[in-house]
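how would this look folded up:
(2 chains)
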There are 2 protein chains.
Amino acid sequence: MHTEAARLTDTQRLDWLRLIRSENVGPRTFRTLMHHYGDARGALAALPELARRGGAPRSPRICSQRDAERELAAARELGVTYVALGEPDYPARLREIDDAPPLLAWRGEPQALTRPMLAVVGSRNASAAGQKFAERIARDLGASGFVIVSGLARGIDASAHRASLTTGTVAVLAGGHARIYPPEHVDLLDAALVEGAAVSEMPIAWEPRSRDFPRRNRLISGLCVGVIVVEAALRSGSLITARLAAEQGREVFAVPGSPLDPRAEGTNGLIKQGATLVTEASDVIAVVEPILGRPLLRLAALADAAAPVPAAGDPDDAERNRILALLGPTAVAIDDLIRLSGTSAASVRTTLLELDVAGRLDRRQGLVALV
Amino acid sequence: MHTEAARLTDTQRLDWLRLIRSENVGPRTFRTLMHHYGDARGALAALPELARRGGAPRSPRICSQRDAERELAAARELGVTYVALGEPDYPARLREIDDAPPLLAWRGEPQALTRPMLAVVGSRNASAAGQKFAERIARDLGASGFVIVSGLARGIDASAHRASLTTGTVAVLAGGHARIYPPEHVDLLDAALVEGAAVSEMPIAWEPRSRDFPRRNRLISGLCVGVIVVEAALRSGSLITARLAAEQGREVFAVPGSPLDPRAEGTNGLIKQGATLVTEASDVIAVVEPILGRPLLRLAALADAAAPVPAAGDPDDAERNRILALLGPTAVAIDDLIRLSGTSAASVRTTLLELDVAGRLDRRQGLVALV
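Below you'll find the model as predicted:
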């Protein structure tokens, strides 16, 4: 296991990539597995048995060494590098979120990932005024030393990237580096890579599907000290980013608009809920400057997992059955599971991990349900 | 002196009118004089001597009985009634402000002055969207039982009045009832009087000058539980109303707009300073409903002045000179005057009243200066 400031060996990086690319292993399960088994190699070896105990109908697809090597080769071809959670060049704020990608694939100018970042996001079908404002605030915040993060989408995202090409901009991809979306923004992304970067947690050739965008949005907010929502209708992706930002403890900023403009409904609503109203860059800087002065939370999670959790934490069949009997399609709190099953917290955690790896568990904000 | 719920006699009303129409007597000086002399008749008799002691170059113009009678006759002609501060039909919230007009001249439907009021104000050169929004919120708040108060100006004010003609609207005039401004709104005002009212503190034939509008704005906010600013550029009259509203403890609401729209600069600025963002009537109602449930402050000031302040409070010449020596064109706090002069608070208050009546004093937020 690596220590806080150390880098992974090539072998470790390959094991990490295999583990995160294996079926039913997301960033949270990855982290639990690392806690449990101490390293990715051990976790990979344990996956089939965990899935079997979790009641998987078949053995989960485990990413082969060969497939992982193929992805690394394709990445090298594109100039993409994988930085691991805990390595010194992993983006500092992103490490703080509890579902930070174990490996972040990036290309471009590495400096861009070390400076303070602010997200500028908004509607794809933005108004001319919205796009003009996005350009203005991205340019002004860029000039003030911030890297501008966005999602490379049409509308507000593209305006924000374009206005910060020379000062540094980061595009967070919903797919892999070999599948830029939308395709007409390939040139914009190339321009962004000169002073900025592109990042992705997805396999290099991953074609983004609609469900990948909300998942990606947590990285946009997670990288940043704050998120500025320029124009957003109700129930838009930008509001998802704003919600994730708030959950991650990030500052949420919103640009007001006329109550008669549907594209301002989302942003006006955010301000009503407590987001900071923004009309100019100084409104943002006044809020984030004191935050930048504070030390970041140290992420102890992976660094502390140097030794495997004692096998004593594993449940026996009777315990496992008591826990399973309490689970169903209705979400239940993990605390209630521990209390009602009369087993240890460690037994519950292990049983849930088994269900995770078996692809049978849905976790949402401390609640779990069978799928 | 009248008691809290009693009405003035005709003679008292005439004396009140003469006193408030006399030179250098504003609402605050009126109140101080009533405290000092117990009734308006006594105050009128004291004015020349007070002005002399205050160093007035000539005796102040005192409104004659004949001029006051002439104003009352002209008012009757127009259907205008004078209600005195402390009388039961004086608008309840307006009584709370410390510069409430001693006499409020009104015409229209008296019920309109007894119901909860909300002001809707904004730019004269409003956008179509701003006017549409003003209509919508005035209509919705009117339907919810609120009387809509505004300033009869072009733009937002006129839209607010028009949308609340049937539910009740109050126009606060900057001039007298015989000088409606702007003249093209005479018909709008006539329509407003059916279910609503017009109010003014100015002499019946007073032609409004530009400095009368900010003074009038304190009545718009003072009548209301809250003020909604729809569109306002920086340094606009509506922002003066918002500031006065905040000073009077009224709720301030502002309608957001695009940062690229100069007509939204004022309202966005108000929201930054803590005003409640409004996109629909329910945003306003949620804030003011709990306030309407609370009892109003009782205005003790005039009711307590049943007996004249003892003459012992009057300063002798030495005291008066010590106080005067501390005054100049630079504003000084009244507390400092008391401390530095080594005289009593009563002596300082009396000396300042003399300077007031002599037209030599400028009072601003607890500070005084010679003019």
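
When you work out contacts or count neighbours from here on, use the C-alpha atoms and nothing else.
Noted.

where do the helices sit along chain A?
A:10-20, A:27-37, A:40-53, A:65-78, A:128-143, A:156-163, A:186-195, A:212-223, A:237-247, A:265-272, A:281-292, A:317-326, A:334-341, A:345-357 (DSSP state H).

So for residue B:41, which of those sits nearest?
helix A:265-272 (53.3 Å; C-alpha to C-alpha).

Just the CA atoms of the closest one, as PDB, please.
Output in PDB follows, covering the C-alpha atoms of helix A:265-272 (Å, rounded to 0.1, in the frame of the first residue of the first chain):
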ATOM      1  CA  GLU A 265     -35.700  29.600 -12.600                       C
ATOM      2  CA  GLY A 266     -33.000  27.300 -11.400                       C
ATOM      3  CA  THR A 267     -30.500  29.900 -10.500                       C
ATOM      4  CA  ASN A 268     -33.100  32.200  -8.700                       C
ATOM      5  CA  GLY A 269     -34.200  29.100  -6.800                       C
ATOM      6  CA  LEU A 270     -30.600  28.400  -5.800                       C
ATOM      7  CA  ILE A 271     -30.400  31.900  -4.400                       C
ATOM      8  CA  LYS A 272     -33.600  31.400  -2.400                       C
END
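
Give me the average confidence score over it.
The average pLDDT within helix A:265-272 is 97.

hmm, that helix in reach of chain B?
Yes: under the criterion of C-alpha under 8 Å from any C-alpha of the partner chain, helix A:265-272 makes contact with chain B via A:268, A:271-272.

mind listing what the residue nearest to residue A:203 when sequence neighbours are not counted touches?
Closest residue to residue A:203 apart from its sequence neighbours, by C-alpha to C-alpha, 6 or more residues apart in numbering or on different chains: residue A:176 at 5.3 Å. Listed by C-alpha atoms under 8 Å, 6 or more residues apart in numbering or on different chains, the contact set of residue A:176 reads A:200-208.

Of the helices of chain A, flag the one that's most buried.
Greatest average neighbour count among these goes to helix A:156-163 (a mean of 27), per mean count of other C-alpha atoms under 10 Å in any protein chain shown.

Which strands or helices does that one pack on?
strand A:117-121, helix A:128-143, strand A:147-150, strand A:169-172, helix A:186-195 (3 or more C-alpha pairs under 8 Å, 6 or more residues apart in numbering or on different chains; DSSP states H and E).

nearest to residue B:318, of those?
Closest among the helices and strands packed on helix A:156-163, using C-alpha to C-alpha: helix A:128-143, at 62.8 Å.

mind saving the C-alpha coords of that closest one as PDB?
Taking C-alpha atoms only, helix A:128-143 is exported to PDB below (Å, rounded to 0.1, in the frame of the first residue of the first chain):
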ATOM      1  CA  ALA A 128     -26.900  35.100 -25.600                       C
ATOM      2  CA  ALA A 129     -26.800  37.100 -22.400                       C
ATOM      3  CA  GLY A 130     -26.100  34.000 -20.400                       C
ATOM      4  CA  GLN A 131     -23.200  33.000 -22.600                       C
ATOM      5  CA  LYS A 132     -21.900  36.600 -22.600                       C
ATOM      6  CA  PHE A 133     -22.000  36.600 -18.800                       C
ATOM      7  CA  ALA A 134     -20.300  33.200 -18.600                       C
ATOM      8  CA  GLU A 135     -17.500  34.500 -20.700                       C
ATOM      9  CA  ARG A 136     -17.100  37.600 -18.600                       C
ATOM     10  CA  ILE A 137     -17.000  35.900 -15.300                       C
ATOM     11  CA  ALA A 138     -14.700  33.100 -16.500                       C
ATOM     12  CA  ARG A 139     -12.300  35.700 -18.000                       C
ATOM     13  CA  ASP A 140     -12.300  37.800 -14.800                       C
ATOM     14  CA  LEU A 141     -11.900  34.800 -12.500                       C
ATOM     15  CA  GLY A 142      -9.200  33.400 -14.800                       C
ATOM     16  CA  ALA A 143      -7.400  36.700 -14.700                       C
END
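
who touches that helix?
So helix A:128-143 is contacted by A:120, A:147-148, A:155-156, A:159-164, A:167-168, A:230-231, A:280-281, B:258-260 (C-alpha under 8 Å, 6+ apart).

gap between residue A:121 and residue A:82?
Per C-alpha to C-alpha, to the nearest Å, residue A:121 is found 25 Å from residue A:82.

Pick out whichever of the two has more residues nearby.
Neighbour count, other C-alpha atoms under 10 Å in any protein chain shown: between residue A:121 and residue A:82, residue A:121 has more, with 35 against 20.

ok, back up a step: nearest to residue B:93, of the helices of chain A?
Comparing the helices of chain A by their distance to residue B:93 (C-alpha to C-alpha), the top pick is helix A:265-272, with 27.5 Å.

What lies in contact with stretch A:72-85?
Outside stretch A:72-85, the residues that touch it by C-alpha under 8 Å, 6+ apart are A:7-8, A:13, A:89-90, A:95, A:100-107, A:177-178, A:204.

Ramachandran coordinates for the closest residue to residue A:215 other than its chain neighbours?
Among residues not flanking residue A:215 along the chain, residue A:174 sits closest, at 7.8 Å (C-alpha to C-alpha, 6+ apart). When read as degrees, to the nearest 10, the backbone of residue A:174 gives phi -90, psi -20.

ok, residue A:237 touching residue A:214?
Yes: with contact defined as C-alpha atoms under 8 Å, residue A:237 reaches residue A:214; the gap is 6.8 Å.

Quick check: which ranges of chain A have low pLDDT?
A:1-5, A:297-313 (pLDDT under 70).

show me the contacts for whichever residue of it sits closest to chain B.
Nearest to chain B, among the residues of chain A, is residue A:257, at 3.9 Å (C-alpha to the nearest C-alpha). Going by C-alpha under 8 Å, 6+ apart, residue A:257 touches A:263-265, A:267-268, B:256-259.

at 7 Å instead, please
A:264, A:268, B:256-258 (C-alpha atoms under 7 Å, 6 or more residues apart in numbering or on different chains).

Report the two of those separated the most.
Top of the distance list for these (C-alpha to C-alpha): A:268 and B:258, 10.6 Å.

State the distance from residue A:66 to residue A:187.
In terms of C-alpha to C-alpha, residue A:66 sits 32 Å off from residue A:187.

wait, what's in contact with the closest residue to residue A:177 other than its chain neighbours?
Sequence neighbours aside, residue A:204 is the residue nearest to residue A:177 in space, at 5.2 Å (criterion: C-alpha to C-alpha, 6+ apart). Counting by C-alpha under 7 Å, 6+ apart, residue A:204 touches A:71, A:75, A:176-178.

Please report phi then psi for residue A:204.
Residue torsions, per degrees, to the nearest 10, at residue A:204 are phi -60, psi -30.

distance of it from residue B:229?
52 Å.

With residue A:122 instead?
Residue A:122 is 27 Å from residue B:229, by C-alpha to C-alpha.

For the two, indicate the residue with more neighbours.
A side-by-side neighbour count of residue A:122 and residue B:229, using other C-alpha under 10 Å, places residue A:122 first with 36 against 29.

wait, that one sits on residue A:229?
Yes: using C-alpha atoms under 7 Å, residue A:122 is in contact with residue A:229, at 5.4 Å.
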